[in-house]
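*Asks:* only the shape, not the letters, is given here:
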């Protein structure tokens with residue numbers, strides 16, 4: 001990274017503070033929907049293979065999973081992973097097949113193949129869009145560019161990334177002008193994004209060509225990083241996939257864990273400021289809700305502090321990255337009280 005860019009990011013961090021850590025539970029990670037020509041068995045077989053591939057990419061976080069030998073064998077035997085399916089007639093008259101795959105079998109496959117596992121706790125991303133057309137530059141909204149927004153939403157769903165779109169109201173216009181977005185003005189974008197309470201942003205500036213092609217740039221902001229990518233696509237589907245794959249690959253690289261390589265180790269985590277049984281239950285429920293944590297139970301208690309022993313398919317550093325998405329867990333340095341020298345690797349304060 002160039003020194004000037006690094007200084008700019010540090011200034012942004014000083015002005016606005018660290019990015020908000022926030023996660024939502026992504027539903028339907030194990031569901032896929034594929035267009036089919038008819039109700040025939042061959043069509044079902046093709047769709048089931050494609051659907052399982054979609055699910056594996058969503059759950060692992062990366063398209064590289066499809067190159068693994070064990071995964072290729074599973075794709076050939078895809079019906080084994082299919083729990084249930086139903087045919088849906090969509091608005092344009094075409095036929096879709098909606099398929100649900102077995103979460104346990106899919107997770108086991110990824111672990112056995114030593115592939116990454118990206119938990120359902122994922123950070124939402126705020127998507128800003130501006131389009132340069134013959135009539136001028138303007139925000140791209142569901143009203144002004146319905147096909148573009150629909151393609152983007154479909155692409156985010158395919159990768160299992162929760163997306164939020166701005167309101168583009170007067171407050172947004174005052175905070176982030178079309179000119180700011182086109183110039184990829186990070187300072188203005190950070191400022192305008194604060195009202196949406198998210199920590200990651202994707203900015204797209206795009207130009208529609210006379211032949212129907214699109215070109216432009218994507219900018220990712222979050223976690224103290226600024227990443228850029230250019231694109232040139234033949235249609236909206238390709239354009240949308242370029243931006244979503246760009247940000248999904250980066251987020252998965254940060255938060256996905258190669259669970260099969262971790263082997264199920266014990267990690268001791270201390271949590272301070274547990275003032276009630278409800279606080280304790282909330283912490284345990286959060287830990288047990290993370291797919292990579294098999295068990296969570298108290299190993300030591302002293303007043304309002306508690307050490308939890310987590311049996312996890314992840315190490316302490318990987319868990320630290322996952323826990324950073326929960327605002328109620330504030331990472332802190334080991335202090336007086338329970339002795340972090342007893343093997344405690346992470347220390348947090350609980351915020352109800």
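*Replies:* Structure received. Keep in mind the model is a prediction, meaning the values are calculated, not measured.
*Asks:* check the gap between the closest residue to residue 245 other than its chain neighbours and residue 56 for me.
*Replies:* Leaving aside its chain neighbours, residue 245 sits nearest to residue 159 (7.0 Å; criterion: Cβ to Cβ, 6 or more residues apart in numbering). Quick note: C-beta positions are derived from backbone N, CA and C, even for glycine. Applying Cβ to Cβ, to the nearest Å, the value for residue 159 to residue 56 is 12 Å.
*Asks:* remind me which residues of the protein are low pLDDT?
*Replies:* Applying pLDDT under 70 to the chain flags residues 1-21, 259-264, 334-341.
*Asks:* go again using 50 as the cut-off
*Replies:* Scanning the chain for pLDDT under 50 picks out 1-21, 262.
*Asks:* what about the helices in it?
*Replies:* Ranges of helices in the chain, per DSSP state H, are 3-16, 41-60, 69-76, 103-112, 146-159, 170-175, 178-182, 186-193, 236-255, 277-288, 316-323.
*Asks:* for the shortest one, which positions count as buried?
*Replies:* Within helix 178-182, the residues scored as buried using 16 or more other Cβ atoms under 10 Å are 178, 180-182.
*Asks:* go on, the fifth one?
*Replies:* Residues of helix 146-159 classed as buried under the neighbour-count rule (16+ other Cβ under 10 Å) are 148-149, 151-153, 155-159.
*Asks:* what's the farthest-apart pair in those?
*Replies:* Farthest-apart pair in the buried residues of helix 146-159 is 148 and 159; separation 17.0 Å (Cβ to Cβ).
*Asks:* now residue 318. Nearest residue, chain neighbours left out?
*Replies:* The spatially closest residue to residue 318, leaving aside those adjacent along the chain, is residue 257, at 4.7 Å (Cβ to Cβ, 6+ apart).
*Asks:* what's around that neighbour, how many residues?
*Replies:* Neighbours of residue 257 under the rule other Cβ atoms under 10 Å: 23.
*Asks:* ok, residue 160 touching residue 27?
*Replies:* No: using Cβ atoms under 8 Å as the test, residue 160 is too far from residue 27 to be in contact (9.5 Å).
*Asks:* more neighbours, the two?
*Replies:* Remark: of residue 160 and residue 27, residue 160 carries more neighbours, 24 against 10, as counted by other Cβ under 10 Å.
*Asks:* can you pull the domain assignment for this protein?
*Replies:* 3-25+120-255, 31-112, 262-350 (automatic domain parsing).
*Asks:* if we can go back for a sec, tell me if I'm right that the residue nearest to residue 245 and residue 250 touch.
*Replies:* No: applying Cβ under 8 Å, one finds residue 159 not in contact with residue 250, separated by 11.3 Å.
*Asks:* find residues that contact each of the two.
*Replies:* Counting by Cβ atoms under 8 Å, 6 or more residues apart in numbering, residue 159 and residue 250 have no common neighbour.
*Asks:* can I get the buried residues of helix 146-159 in TSV including distance to residue 202?
*Replies:* TSV is the format used below for these (distance: Cβ to Cβ, whole Å):
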residue	distance to residue 202
148	14
149	13
151	14
152	10
153	13
155	11
156	10
157	15
158	15
159	12
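*Asks:* looking at these, which one is closest to residue 47?
*Replies:* residue 158 (14.4 Å).
*Asks:* could you pull up the residues touching the closest one?
*Replies:* Per Cβ under 8 Å, 6+ apart, neighbours of residue 158: 54, 57-58, 244.
*Asks:* which one of those residues is nearest residue 318?
*Replies:* Using Cβ to Cβ, residue 58 is the member of the contacts of residue 158 that sits closest to residue 318, with 19.2 Å.
*Asks:* and for the closest one, the neighbour number?
*Replies:* 26.
*Asks:* same question, residue 249
*Replies:* 15.
*Asks:* quick check: closest non-adjacent residue to it.
*Replies:* Spatial nearest neighbour of residue 249, chain neighbours left out: residue 62 (6.3 Å); criterion: Cβ to Cβ, 6+ apart.
*Asks:* surely the one you found touches residue 250?
*Replies:* No: between residue 62 and residue 250 there is no contact under Cβ under 8 Å: 10.4 Å.
*Asks:* same list (the buried residues of helix 178-182) but as JSON lines, adding distance to residue 208.
*Replies:* Shown next, in JSON lines, are the buried residues of helix 178-182 (distance: Cβ to Cβ, whole Å):
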{"residue": "178", "distance to residue 208": "15"}
{"residue": "180", "distance to residue 208": "21"}
{"residue": "181", "distance to residue 208": "16"}
{"residue": "182", "distance to residue 208": "14"}
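*Asks:* show me which of those is closest to residue 116.
*Replies:* Closest to residue 116, out of all of the buried residues of helix 178-182 and judged by Cβ to Cβ, is residue 181, at 32.6 Å.
*Asks:* can you pull the contacts of the residue nearest to that closest one when sequence neighbours are not counted?
*Replies:* Counting by Cβ to Cβ, 6+ apart, residue 181 lies nearest to residue 130, which is 4.3 Å off, once chain neighbours are set aside. Under the criterion of Cβ under 8 Å, 6+ apart, the neighbours of residue 130 are 137-140, 178, 181-182, 204-206.
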